[in-house]
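# quick check, what structure comes out for this input:
(chains A and B)
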Protein chains: 2
Amino acid sequence: MVLLSGGLDSATCLAIAVEQGFQPYALTVRYGQRHEAEIAAATYLAKVGRAHGRSVGHDIIDIDLAQFGGSALTGDADVPKGRSDVDIQTGIPVTYVPARNTIFLSLALARAETLEARDIFIGVNAMDYSGYPDCRPEFIEAFGRLANLATKVGVEAPERGEAGITIHAPLIGMTKSAIVERGHQLDVDFARTVSCYDPVSGAGGKDVLHCGRCDACSLRKKGFKEAELPDPTPYSK
Amino acid sequence: MVLLSGGLDSATCLAIAVEQGFQPYALTVRYGQRHEAEIAAATYLAKVGRAHGRSVGHDIIDIDLAQFGGSALTGDADVPKGRSDVDIQTGIPVTYVPARNTIFLSLALARAETLEARDIFIGVNAMDYSGYPDCRPEFIEAFGRLANLATKVGVEAPERGEAGITIHAPLIGMTKSAIVERGHQLDVDFARTVSCYDPVSGAGGKDVLHCGRCDACSLRKKGFKEAELPDPTPYSK
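This next block holds a predicted model:
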């Protein structure tokens, strides 16, 4: 079970799951984010995976977290632009969505249980996004512990001497440039991934332009630059 | 923040939160359960609370867990009827909804954070429903730990020397009859709560008949009987 947002990180995370020998099943959450571009990207990435016989399925589930408010990503504040690396690394940004990864992992856990999957992949990263509490290793570890207390499989598997649920966060200790290098090795179609917090979409959400100035774009640009790899991202600026 | 399903337990849990001096805010999740009767009950209970100056708000959030399947409560199997007390206490029943309480608590956590609330109440009970893994004290404890790692308030409050998020499960160690007694003392309008897994609704979801034979009805009946209190529940059988 791979949480697939349609961004560079989750696309690389999906490729890593495949490389590790898992048959992936992707879950995308339409949570009221400002734009549909990343949903379209996730759908494309899952479809490409299927064409290569990699992915067995892709679910999109809707939950309107914008109803709760509290984040720039769901329309409650402006997305900050042109911030310095230091600013990006400091504090919890307005793009933080309350309890988002807890909700996403809970949904992945539910879907994993109905599919009898026991491995959940999430492309969180603690290096560049140090401001998000729910991207830290201690959060992932606590969720893994919870998952095995919360579910039928978590309770019953150990009784049969089997492993319970494992939360995989293969990118958690990687820099953005290391993720770019890894994804490049694994043939991730970076041009079709969407990282931007405030993208501009063309017709049918297909030709997505990244704003180039939000925190996510800044980190993405820096990642390609430091990895010394060509950046195929279409930026508007 | 009180998770309010519209059942006898969550209604009593809400009354306990009020008695403890909290100003409650209710959250109901429409998750694809077979019937709307419990949503109507939750709405009524929140409205009654407001009339008494108790409740400041009530949100209903939609998430279609039926899409994932895997439970009799979302239509994937028949709701068992007429089971014995021993059968009810044994194993994990088909009415288990994968990761339901993890999802519910995650949503309550998100809403709590946007409201700057730090106390989350959930009416889970480990005595009668021993079969549900996500009703056990160890699950509640693990979620509390996760909540304080997952959120902005959980990270920042301790830095200011303040308490973080607390998950309250006041019913967890109570028998159904003890819950009935407690709710009775607190004037809970039991006649308008819906416990049944398979109820029959009248016009406008108003005159709900409990089936009287599912596990939830069996426990409810037994609770009133053992508490030696009149059972105001309208049963069809």
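# next SSE after the worst-scoring helix or strand of chain A on mean pLDDT?
Sorting the helices and strands of chain A by mean pLDDT, DSSP states H and E puts helix A:85-89 at the bottom, at a mean of 80. Remark: after helix A:85-89, the chain's next helix or strand is helix A:100-115, criterion DSSP states H and E.
# neighbours of the closest residue to residue A:140 other than its chain neighbours, how many?
Leaving aside its sequence neighbours, residue A:140 sits nearest to residue A:169 (Cβ to Cβ, 6 or more residues apart in numbering or on different chains; 4.8 Å). From N, CA and C alone the C-beta is placed, and that goes for glycine too. Using other Cβ atoms under 10 Å in any protein chain shown, residue A:169 has 23 other residues around it.
# isn't residue A:169 up against residue A:124?
Yes. Under the criterion of Cβ atoms under 8 Å, residue A:169 makes contact with residue A:124 at 5.3 Å.
# show me the common contact partners of those two, please.
Taking Cβ atoms under 8 Å, 6 or more residues apart in numbering or on different chains as the contact rule, the neighbours common to residue A:169 and residue A:124 are residue A:140.
# just to revisit the earlier point, for the residue nearest to residue A:140, give its distance to chain B.
For residue A:169, the distance to chain B equals 14 Å [Cβ to the nearest Cβ, to the nearest Å].
# okay, that residue: pLDDT?
pLDDT recorded at residue A:169 is 97.
# what residues are up against it?
Neighbours of residue A:169 in contact, by Cβ under 8 Å, 6+ apart: A:121, A:122, A:123, A:124, A:137, A:140.
# now the two most distant members of the residues you listed.
Based on Cβ to Cβ, the longest span within the contacts of residue A:169 runs between A:121 and A:137 and measures 15.0 Å.
# mean confidence (pLDDT) on stretch A:94-110, please.
pLDDT averaged over stretch A:94-110 gives 92.
# buried sites along that stretch?
Buried residues in stretch A:94-110, defined by neighbour count with 16 or more other Cβ atoms under 10 Å in any protein chain shown: A:95-110.
# which ones, among those residues, also lie beside chain B?
A:96, A:97, A:98, A:99, A:100, A:101, A:102, A:103, A:106, A:107, A:109, A:110 (Cβ under 8 Å from any Cβ of the partner chain).
# excluding covalently adjacent residues, which one is nearest to the fifth one?
What sits nearest to residue A:100 in space, not counting adjacent residues and going by Cβ to Cβ, 6+ apart, is residue A:134, at 6.6 Å.
# quick one: that neighbour and residue A:98 touch, right?
No. The criterion here is Cβ under 8 Å, and residue A:134 misses it with residue A:98 at 9.4 Å.
# identify the contacts common to those two.
Common neighbours of residue A:134 and residue A:98 (Cβ under 8 Å, 6+ apart) are residue B:151.
# ok so, going back, which residues touch the residue nearest to residue A:100?
A:99, A:100, A:101, A:102, A:124, B:149, B:150, B:151.
# among those residues, which one lies nearest to residue A:209?
Using Cβ to Cβ, the contacts of residue A:134 come closest to residue A:209 at residue A:100, 24.5 Å.
# list the contacts of the closest one.
Counted by Cβ under 8 Å, 6+ apart, residue A:100 has contacts A:31, A:65, A:134, B:110.
# residue A:81 - nearest residue in space that isn't next to it in sequence?
Nearest to residue A:81 is residue A:213, by Cβ to Cβ, 6+ apart, at 4.1 Å.
# just confirm that neighbour contacts residue A:79, I think it does.
No. Using Cβ under 8 Å as the test, residue A:213 is too far from residue A:79 to be in contact (9.0 Å).
# which parts of chain A are helices?
A:8-19, A:37-51, A:85-89, A:100-115, A:137-150, A:152-159, A:176-185, A:215-227 (DSSP state H).
# pLDDT weak spots in chain A?
A:34, A:51-56, A:128-130, A:202-206 (pLDDT under 70).
# roughly how far does the residue nearest to residue A:81 sit from chain B?
For residue A:213 relative to chain B (Cβ to the nearest Cβ), the value is 24 Å.
# sorry, back to before: and which of the contacts of residue A:134 is nearest residue B:176?
residue A:102 (30.2 Å).
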